[in-house]
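Enquirer: coordinates only, sequence not included:
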Ligand SMILES: Nc1ncnc2c1ncn2[C@@H]1O[C@H](COP(=O)(O)OP(=O)(O)OP(=O)(O)O)[C@@H](O)[C@H]1O
């Protein structure tokens, strides 16, 4: 990757406002995420973090301003963007193996009708290795733990070789091993030049994995380098009337 490419903006928010019908959710967001960098979206429940991720995917409309993804519109960039949802929507009883789930990440590249090539199988094996689940490739997806299933969904996103990866609270309720695998995978993707957007309540994720932070509660309360933006004062402003405790690296809302 050249220096020029490494400075390419993967995501631009330009006075972007997002709404569900007539209900405004996000107002006038501004910020840029470069390729090879990660940004943490931090804010209380209902702040609009998932909504921003859906707007970047082109699933919720931008009603004013602009969201530019990989130099184009969210809808046009979609094939180069991978998404790991907050809760997996795959029925655990559905009889599908771990490697079949990860292969789903390749379908946008190979099409639904063509058989996977050797390159597709290699991409799947590498993605599973990256999340530490190679030995579970033939296991049924539904038999894995919640944290392991989350890692499989991350592997599915990695196998897609995205230029932008969107993770919606991927660290909720996962064990330390899964958390490490997730952090490692984010680091590898960044090194490969992908940009990463991760919504989280865990400030350690922002410190460990993210170059930048976007503080959100319908409005933006800060967007910039993690160390500069992630201050107790700004967090309190973002969480508004809620009483807050910073317990270790987690934001705990003690009173609403
Ligand atoms: N499909 C929808 N239609 C209308 N309003 C919605 C819809 N989805 C979410 N909202 C509203 O948008 C606001 C932001 O929700 P969102 O899920 O983006 O918040 P969040 O920051 O991701 O919260 P959490 O941390 O709880 O996941 C909330 O007020 C929610 O009720």
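Expert: It's in. Because the structure is predicted, anything quoted here is derived from the model rather than measured. Residues are numbered from 1 along each chain as shown.

Enquirer: residue in the stretch 51-200 of the chain nearest to the ligand?
Expert: residue 51 (3.3 Å; Cβ to the nearest ligand atom). (Each C-beta comes from the backbone N, C-alpha and C, glycine too.)

Enquirer: Could you verify my assumption that that residue touches residue 18?
Expert: Yes: counting by Cβ atoms under 8 Å, residue 18 is a contact partner of residue 51 at 5.8 Å.

Enquirer: Show me what secondary structure element comes after whichever strand or helix holds residue 129.
Expert: Secondary structure assignment for residue 129, by DSSP states H and E: helix 118-130. Sequence-wise, the next helix or strand downstream of helix 118-130 (DSSP H and E) is helix 146-159.

Enquirer: what angle separates that following helix from helix 118-130?
Expert: For helix 146-159 against helix 118-130, the angle by axes from the mean of the first three to the mean of the last three Cα atoms, to 10 degrees is 140 degrees.

Enquirer: Identify the residues contacting helix 146-159?
Expert: Contacts to helix 146-159, defined as Cβ atoms under 8 Å, 6 or more residues apart in numbering, come from residues 82-85, 88, 90, 92, 98, 101-106, 123-124, 126-128, 130-133, 136, 141, 144, 165, 167, 170, 173-175, 177-178, 181-182, 185, 189.

Enquirer: what about residue 67, which helix or strand?
Expert: Using DSSP H and E, residue 67 maps to strand 62-69.

Enquirer: now check that strand, is it near the ligand?
Expert: No: shown here: strand 62-69 not in contact with the ligand (Cβ under 6 Å from any ligand atom), separated by at least 13.2 Å.

Enquirer: coming back round to it: contacting residues around the residue of the stretch 51-200 of the chain closest to the ligand?
Expert: The neighbours of residue 51, taking Cβ under 8 Å, 6+ apart as the test, are 18, 20, 25-26, 60.

Enquirer: are any of those residues buried, and which?
Expert: Among those, those classed as buried by 16 or more other Cβ atoms under 10 Å are 18, 25-26, 60.

Enquirer: Please identify the buried residues of the helix holding residue 129?
Expert: Neighbour counts over helix 118-130 (16+ other Cβ under 10 Å) mark 120, 123-125, 127-128, 130 as buried.

Enquirer: Could you dump those residues into CSV and include distance to the ligand?
Expert: As requested, these are exported to CSV (distance: Cβ to the nearest ligand atom, whole Å):
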residue, distance to the ligand
120, 33
123, 30
124, 30
125, 33
127, 26
128, 28
130, 26
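
Enquirer: Out of those residues, flag the one nearest to residue 214.
Expert: residue 130 (25.9 Å; Cβ to Cβ).

Enquirer: ok, that closest one - contacts?
Expert: The contact partners of residue 130, taken as Cβ under 8 Å, 6+ apart, are 155, 158, 181, 184-185, 188.

Enquirer: So which of the residues you listed wins on neighbours?
Expert: Neighbour counts for the contacts of residue 130 (other Cβ atoms under 10 Å) peak at residue 155, which has 31 neighbours.

Enquirer: In contact with the closest residue to it other than its chain neighbours, which residues?
Expert: Using Cβ to Cβ, 6 or more residues apart in numbering and skipping the chain neighbours, the partner closest in space to residue 155 is residue 127 (4.1 Å). By Cβ under 8 Å, 6+ apart, the residues touching residue 127 are 102, 105, 155-156, 158-159.
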